[in-house]
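Undergrad: With the sequence up front, the predicted model follows.
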Amino acid sequence: PQAQIGSPDHPDVFVFDKDFQNPRTYSGSIGVEREVAPNLAVLVQYNHSKGVHVTRFVNGNDPELGSPWSSGLNGTANGIGTLTVVDSSAKSLYDGVTFGLTRRWANNFQGQVNYTMSWDRSDDDNERDPFSFRYVSIRNLLAEYGYSDRDQRHRLNGFLLWRTPGDVNVNLRYSYRSAQPLSYCARGVASYCTTDTTPSQTPFGSASDRKRPDGSIVERNTGRKDNTYSALDVRLSREFRTGTRVSIEPIVEVFNVLNSKNLLVPQVTNLIFNFDGTVRAGLGDPRQAQLGLRVIW
C-alpha cells in the first residue's frame, strides 16, 4: 500500500511560551490557641496563599490578535489553525479563617469542631485541559479574575467520642461543605447574561457565552452548583474480653445517617473531557450501614 503524501491544511500546534515559569505559591498562617477551661481550648487561625506563574492555555493565533499565523510566508495560504501556547500568566489567591474548639479526653469523652470561612480566587483554573480555553477575550484577561472553581465558602468538620456507662464506644463524625461555584447565564441565552444567581438560570455552554452583546463580560463563577455536602456518620462498638489475652469488639457503623442527597458535581466541563482528576459524578452515597468484628490478642 502507498501512503498519501501531502501538506497538512492549517494544523493545530502546541508550544510552550519561551518565558514559561513553574508555578509558585507563597503562603503563611497565624493562629492563636488558648485553654479557656480545664481540658477545653479554642483556636483562631488565618491562612493566606498567593499563587503566581500559574499555568494558562491561550491561543496565540486568536482572531482578536488578527490570526497572525493563519497564512504562511509571503502571504501564502500555508498557515496553521489554533496555536495553543502554554504560558504562566495566571494567578490565584486564597484567604481563610478557621475557628476551632477542642475538648481533650476526660470524664470518658472528647471532641473537636472546626469551622472555616474562605475565599478562593483566580483568573484561570485550567491547568490540565489542553483542548479548551477558559477565557472570553484574550485581550481582556483581567476580566477572568473571580472566584475559582475550587472555592467553597464554608466548611465544618467535627467529631465526638464518648464512652458510655456501659462501656459502649460512641463515635459521631460530621462534615459539611458549601456548594462550589459555576458560571451561569440567565435563561441559557447569551443576550440575557447576568451576574444574578436566581434558580431559573442555567450554566454557560462555553466561556464565550459570558460575553454580552454590548461587549461586556460577565464575571465567571457567580452562581453555585447543587453539590452542597453534609454527612453524619455514627460508629458504635464495645469490647468483650474472653480471657486474659483475647478480646472481641463488635462494631456497627452507619454512614450518612441523615440520608443527605450529596450530589457529586465536582467537574467544571463535561465529564468525558474533564482533566481535574474527577472520577465520580452524579448521585451521592445514600444511607449505608455495615457490621464488623475486631479480635485483639
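TA: Everything's here; your move.

Undergrad: Give me the spatial nearest neighbour of the residue nearest to the spatial centre of the chain, chain neighbours excluded.
TA: If you average the C-alpha coordinates of the chain and look for the closest C-alpha using CA atoms, centre = their mean, you land on Arg150, 3.1 Å from that point. In this structure, Arg150 finds its nearest non-sequential neighbour in Asp120, 5.2 Å apart by CB to CB, 6 or more residues apart in numbering. The C-beta positions use only the backbone N, C-alpha and C, and glycine is treated the same way.

Undergrad: Number of residues surrounding that neighbour?
TA: Neighbourhood size, Asp120 [other CB atoms under 10 Å]: 21.

Undergrad: distance of it from Gln152?
TA: Counting by CB to CB, to the nearest Å, the gap from Asp120 to Gln152 is 7 Å.

Undergrad: and if you look at Asp125?
TA: From Asp125 over to Gln152 (counting by CB to CB), the distance is 14 Å.

Undergrad: what's the answer for Arg212, then?
TA: As defined by CB to CB, Arg212 lies at a distance of 28 Å from Gln152.

Undergrad: the more surrounded of the two?
TA: Relative neighbour count places Gln152 above the other of Arg212 and Gln152, with 22 against 15, counting by other CB under 10 Å.

Undergrad: And Leu283, its phi and psi?
TA: With angles defined as degrees, to the nearest 10, Leu283 sits at phi -70, psi 140.

Undergrad: from memory it sits against Leu263, does it?
TA: Yes - the pair formed by Leu283 and Leu263 meets the contact definition of CB atoms under 8 Å, at 6.8 Å.

Undergrad: The residue nearest to the centre of the chain and Asn221 touch, don't they?
TA: No - checked against CB under 8 Å, the pair Arg150 and Asn221 is beyond contact range at 9.9 Å.

Undergrad: how many other residues sit next to Asp124?
TA: By the other CB under 10 Å criterion, the neighbourhood of Asp124 contains 23 residues.

Undergrad: Hmm, it is touching Val54, no?
TA: Yes - taking CB under 8 Å as the contact criterion, Asp124 and Val54 are neighbours in contact, 6.5 Å apart.

Undergrad: so what sits against both of the two?
TA: Overlap of the contact sets of Asp124 and Val54 (by CB atoms under 8 Å, 6 or more residues apart in numbering) consists of Ala90.

Undergrad: Using the three-state scheme, assign Ala143.
TA: Applying DSSP: H, G, I helix; E, B strand; the rest coil to Ala143 yields a three-state assignment of helix.

Undergrad: Could you pull up the residues touching it?
TA: Counting by CB under 8 Å, 6+ apart, Ala143 makes contact with 136-137, 217, 219.

Undergrad: Please list only the buried members of those.
TA: When burial is judged by neighbour count using 16 or more other CB atoms under 10 Å, the buried members of the contacts of Ala143 are 136-137, 217.

Undergrad: Now, those residues that are in helices?
TA: Among the buried ones among the contacts of Ala143, no residue falls in helices (DSSP state H).

Undergrad: what about dumping the CA coordinates of the longest strand along the chain to CSV?
TA: Of all segments of type strand in the chain, defined using DSSP state E, the longest is strand 83-106. These are the backbone C-alpha positions of strand 83-106, laid out as CSV (Å, rounded to 0.1, in the frame of the first residue of the first chain):
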residue,chain,number,x,y,z
LEU,A,83,-1.7,27.9,18.2
THR,A,84,-2.0,26.6,21.8
VAL,A,85,0.6,28.4,24.0
VAL,A,86,1.2,27.2,27.5
ASP,A,87,2.2,30.2,29.5
SER,A,88,2.4,31.1,33.1
SER,A,89,0.5,34.4,33.3
ALA,A,90,-2.4,33.3,35.6
LYS,A,91,-2.6,33.9,39.4
SER,A,92,-4.6,32.8,42.4
LEU,A,93,-5.3,34.0,45.9
TYR,A,94,-6.7,32.2,49.0
ASP,A,95,-7.7,33.7,52.3
GLY,A,96,-9.3,31.6,55.0
VAL,A,97,-10.2,32.0,58.7
THR,A,98,-10.6,28.9,60.9
PHE,A,99,-12.3,28.8,64.3
GLY,A,100,-11.8,25.6,66.4
LEU,A,101,-12.9,24.1,69.7
THR,A,102,-11.1,21.1,71.2
ARG,A,103,-12.1,19.1,74.2
ARG,A,104,-9.4,16.8,75.4
TRP,A,105,-10.1,13.3,76.7
ALA,A,106,-11.5,13.5,80.2
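
Undergrad: Can you name the next helix or strand after it?
TA: strand 109-122 (DSSP states H and E).
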